[in-house]
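Asks: Would you be able to build a 3D model of this:
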Amino acid sequence: MKQLFILGIALVGFQLQAQNHPNPGYWQQHADYKMEVQMDVKKYQYKGKQELQYTNNSPDTLRKVYYHLYPNAFQPGSAMDMRLQTIKDPDKRMVRTFKKENKEVKESRISTLKPDEIGYLKIANFKENGILAETKVVGTILEVVLPQPILPKQTVSFSLDFDGQVPLQIRRSGRNSEENIALSMTQWYPKIAEYDFEGWQADPYIGREFHGVWGNFDVKITIDKDYTIGGTGYLQNKNEIGKGYEDIGVQVVYPKKAKTLTWHFVAPNVHDFAWGADKEYIHDKIMGENNVELHFFYKNKPENIENWKKFQPKTAELLAFFNKHVGPYPYKQYSVVQGGDGGMEYAMCTLITGNRSYGSLVGVTAHEFAHSWFQHILATNESKHCWMDEGFTSYISDLAMNQVLPPKEPESPFADAYKNYVYIANSGKEQPLTTHADRYDLNMAYGIAAYSKGEVFLVQLGYLIGQENLEKTIKRYYHDYKFTHPTPNDIKKSAERVTGANLDWYLNEWTQTINTIDYAVKEVQEAGQKTKVVLERKGRMPMPIDLIVEYTDGSKEYIYIPNTLMRWEKPNVYPALKRTVLAGWDWAFPTYVLELEKPRTQVKSVTIDPSGLLADVKGEDNKIEVTKY
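Replies: Model (predicted):
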């Protein structure tokens, strides 16, 4: 009854969120899954039935639908296989590297999979409201021609049978990982593609990110009784299953002849469902803020147990940090599961590799847990806007790590993001953030764009509007857009609502171009009893300027030069200093001249942005030591 109550509250909250969306006319599709799955742990194969209640909230009539069949990517000759063979810097986890005729060869691990090692998902008996539909498989996409069109606001029932094989662990999902985890069941079921205001988002799977339809999952998994499962959702029959889920004082006894157990999970208001399973899992559980159960599933491996025990309280600290700085976590459980090939976020859980140091366990969990806010509650289209997903997650998780596990030597938590961005901006290999995640020429370029440049977007937004306003913006963004699919314009609008600033230029320049920020203190000249300072804009991207002038007597002056495109002035970010606000610097003017009231002989230095928050790609000319020349 308790779980049903939680589900009911979540559904009401979801409906209210859709009704109160700040964007007039916003709509999103809805999909409720019911699945029953039987897993053969010896053959690594599974069979299942799926019923899907699909609601078309769009204004369009739908005559076709599309499903993702992700396991099909793990077959020789697939699009993912070909991408590994042709990209210059393939994911190291997905290739074998060896010498051949004195040359280094990188061989796709997918290309050598045998028939009993590949992944597949086969679909049969697809019906709409009980009527057979015409289907066609194209790689990782199932195309369905509907026997009856789905009208706007109409709900229909889809049913299908599926037959799957779990591939050898290659990327995220699979069996028998390098750490000998039996099953990492991610991207494992037939998943309906998202249809949104831009149309069908039926991208083939070549290893990047995901986009899903909000809904509710009711999943029953029948598996060998020796296995423990951790993942998405609330276990409905925990006092029958046990395995660390049972209530305190309950003694779980299995029927003597039972060879399998059927696990029943319910997950409200999510857009994915994932799980891991292994016979050797230790299952620990602690309580976090707001009575959120934090579950931990990891191999019973003596050298790792201490680290896994030690980092659990830090996970509770992370939960509290994200609650405070983004918004309340809306679910009542979160699971950290050893599995996968690194770290990957899913609804109400993450799969991470577990043979790690204590600090590494905290770090990877900080990032993946933060994705619960920036992707599994604020569900951007990761394929089109990967920087909002990975970048915003990197921002908040770096802040969190700076608090829960501070470095021995104080440093900016964002230093690496800035270094990475400046490198790619000066390399000639950068592509705009509007590039589809699958279309980056290099994995390196994708990684820096998504993680580092996306993170710098937020940090630098703090430079534009002030840190306090940035914090308000993130909370406003979460409040307004949770349980929806926000776009880049929505984070911009959140900041504009908080401040009143015009930020369209910033969003455009940073995400739709590869224009760079490059300012310089060009000259500091005598001007009678005053001093003339000439600043130069050498990059295409305009910014407001924080200028600090230090005088020979030790005093400092803060000069703020607005960017006229903002139509707004930010608060004084150096409250200990007197601030002078000058006339705005219009983008069309390559230089800006200002006068200091004191003579040049009393000026020690002139510095553009001593905070380092301005992502200037050639920062060496941002300061002049006047007394040295």
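Asks: shaky segments in this protein?
Replies: The chain contains residues with pLDDT under 70 at 1-19, 628-629.
Asks: which residue sits farthest out from the middle of it?
Replies: Largest separation from the mean C-alpha position in the chain: Gly528, at 55.9 Å (CA atoms, centre = their mean).
Asks: mind listing what the closest residue in space to it that isn't next to it in sequence touches?
Replies: The shortest distance from Gly528 to any residue other than its chain neighbours is 7.9 Å, reached at Pro599 (CB to CB, 6 or more residues apart in numbering). Where you see a C-beta, it was placed from the backbone N, CA and C, and this is true even at glycine. With contacts defined as CB atoms under 8 Å, 6 or more residues apart in numbering, the neighbours of Pro599 are Glu526, Gly528, Gln529, Lys530, Thr531.
Asks: Could you dump the residues you listed into TSV with distance to Pro255 and secondary structure added?
Replies: Converted to TSV, these look like this (distance: CB to CB, whole Å; DSSP: H, G, I helix; E, B strand; the rest coil):
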residue	distance to Pro255	secondary structure
Glu526	94	strand
Gly528	97	coil
Gln529	96	coil
Lys530	92	strand
Thr531	89	strand
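Asks: could you dump those to JSON lines with distance to Glu390?
Replies: Converted to JSON lines, the contacts of Pro599 look like this (distance: CB to CB, whole Å):
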{"residue": "Glu526", "distance to Glu390": "50"}
{"residue": "Gly528", "distance to Glu390": "53"}
{"residue": "Gln529", "distance to Glu390": "53"}
{"residue": "Lys530", "distance to Glu390": "48"}
{"residue": "Thr531", "distance to Glu390": "45"}
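Asks: List only buried entries from these.
Replies: Among the contacts of Pro599, those classed as buried by 16 or more other CB atoms under 10 Å are Thr531.
Asks: out of the contacts of Pro599, which one sits closest to Tyr346?
Replies: Using CB to CB, Thr531 is the member of the contacts of Pro599 that sits closest to Tyr346, with 58.7 Å.
Asks: Name whatever forms a beta bridge with the closest one.
Replies: With DSSP bridges as the criterion, Thr531 is bridged to Glu526, Leu596.
Asks: That one and Leu596, how far apart?
Replies: Thr531 sits 4 Å away from Leu596, going by CB to CB, to the nearest Å.
Asks: got it, and Val253?
Replies: Distance from Val253 to Leu596, by CB to CB: 83 Å.
Asks: more neighbours, the two?
Replies: More crowded of Val253 and Leu596, by other CB atoms under 10 Å: Leu596, with 20 against 7.
Asks: what separates the more buried one from Arg540, distance-wise?
Replies: Distance from Leu596 to Arg540, by CB to CB: 28 Å.
Asks: Next: Asp278.
Replies: 53 Å.
Asks: more crowded one of these two?
Replies: Using other CB under 10 Å, the more surrounded residue of Asp278 and Arg540 is Asp278, with 25 against 13.
Asks: OK, contacts around the more buried one?
Replies: With CB under 8 Å, 6+ apart, Asp278 has these contacts: Ile181, Ala182, Leu183, Tyr227, Thr228, Phe297, Lys299, Gln338, Gly339.
Asks: same check, this time on Glu468
Replies: Counted by CB under 8 Å, 6+ apart, Glu468 has contacts Pro571.
Asks: before we move on, what about the one 4 residues further on?
Replies: Going by CB under 8 Å, 6+ apart, Lys472 touches Val498.
Asks: Please apply the same query to the one 10 residues further on.
Replies: Under the criterion of CB under 8 Å, 6+ apart, the contact list for Lys482 reads Gln17, Gly327, Pro330, Ile377, Leu378.
Asks: any idea what the second one is structurally, helix, strand or coil?
Replies: This means Gly327. Three-state call for Gly327 (DSSP: H, G, I helix; E, B strand; the rest coil): coil.
Asks: so what's it closest to, chain neighbours aside?
Replies: Tyr478 (3.8 Å).
Asks: can you give me the helices for the stretch 251-400 of the chain?
Replies: 302-310, 312-325, 358-370, 386, 392-404 (DSSP state H, counting those that start in this stretch).
Asks: Same list, those helices, but as CSV with distance to Tyr54 and mean neighbour count please.
Replies: Formatted as CSV, these follow (distance: least, CB to CB, whole Å; neighbours: other CB atoms under 10 Å):
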stretch, distance to Tyr54, mean neighbour count
helix 302-310, 40, 14
helix 312-325, 32, 19
helix 358-370, 29, 22
helix 386, 27, 25
helix 392-404, 29, 22
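Asks: For the residue positioned nearest the centre of the chain, give its distance to Leu503.
Replies: Nearest residue to the geometric centre of the chain (CA atoms, centre = their mean): Asp389, 3.2 Å. According to CB to CB, Asp389 and Leu503 sit 20 Å apart.
Asks: if we can go back for a sec, and of the contacts of Lys482, the nearest to Asn402?
Replies: Nearest to Asn402 among the contacts of Lys482, with distances taken as CB to CB, is Gly327, at 19.7 Å.
Asks: Need phi/psi at the closest one.
Replies: phi 170, psi 170 (degrees, to the nearest 10).
Asks: right, and it touches Trp373 too?
Replies: Yes. With contact defined as CB atoms under 8 Å, Gly327 reaches Trp373; the gap is 7.0 Å.
Asks: and for these two, which residues touch both?
Replies: Common neighbours of Gly327 and Trp373 (CB under 8 Å, 6+ apart) are Tyr478.
Asks: which of these two has more neighbours?
Replies: More crowded of Gly327 and Trp373, by other CB under 10 Å: Trp373, with 25 against 18.
Asks: from memory that one sits against Ser397, does it?
Replies: No. With contact defined as CB under 8 Å, Trp373 does not count as touching Ser397 (9.9 Å).
Asks: Now do the strands in the stretch 451-600 of the chain.
Replies: Using DSSP state E, counting those that start in this stretch, the strands found in the stretch 451-600 of the chain span residues 519-527, 530-537, 545-551, 556-561, 579-581, 591-596.
Asks: Please work out which of these is packed deepest.
Replies: strand 545-551 (a mean of 20; mean count of other CB atoms under 10 Å).
Asks: which other helices and strands contact that one?
Replies: strand 530-537, strand 556-561, strand 591-596, strand 603-608 (3 or more CB pairs under 8 Å, 6 or more residues apart in numbering; DSSP states H and E).
Asks: just the angle between the last one and strand 519-527, please?
Replies: In other words, strand 603-608. Orientation check (axes from the mean of the first three to the mean of the last three CA atoms, to 10 degrees): strand 603-608 against strand 519-527 gives 150 degrees.
Asks: Repeat that for the longest one.
Replies: Here strand 530-537 runs at an angle of 160 degrees relative to strand 519-527 (the same axes, to 10 degrees).
Asks: Over to the third one?
Replies: Interaxial angle of strand 591-596 relative to strand 519-527 (the same axes, to 10 degrees): 50 degrees.
Asks: Give me the residues contacting strand 591-596.
Replies: Under CB under 8 Å, 6+ apart, the answer for strand 591-596 is 522, 527, 530-537, 545, 547, 549, 557, 559, 561, 582, 585, 603.
Asks: quick one: that strand to chain centroid distance?
Replies: Relative to the centre of its chain, strand 591-596 is centred 42 Å away, using CA atoms, centre = their mean, to the nearest Å.
Asks: The longest one now?
Replies: If you compare the mean C-alpha spot of strand 530-537 with that of the full chain, they lie 42 Å apart, counting by CA atoms, centre = their mean.
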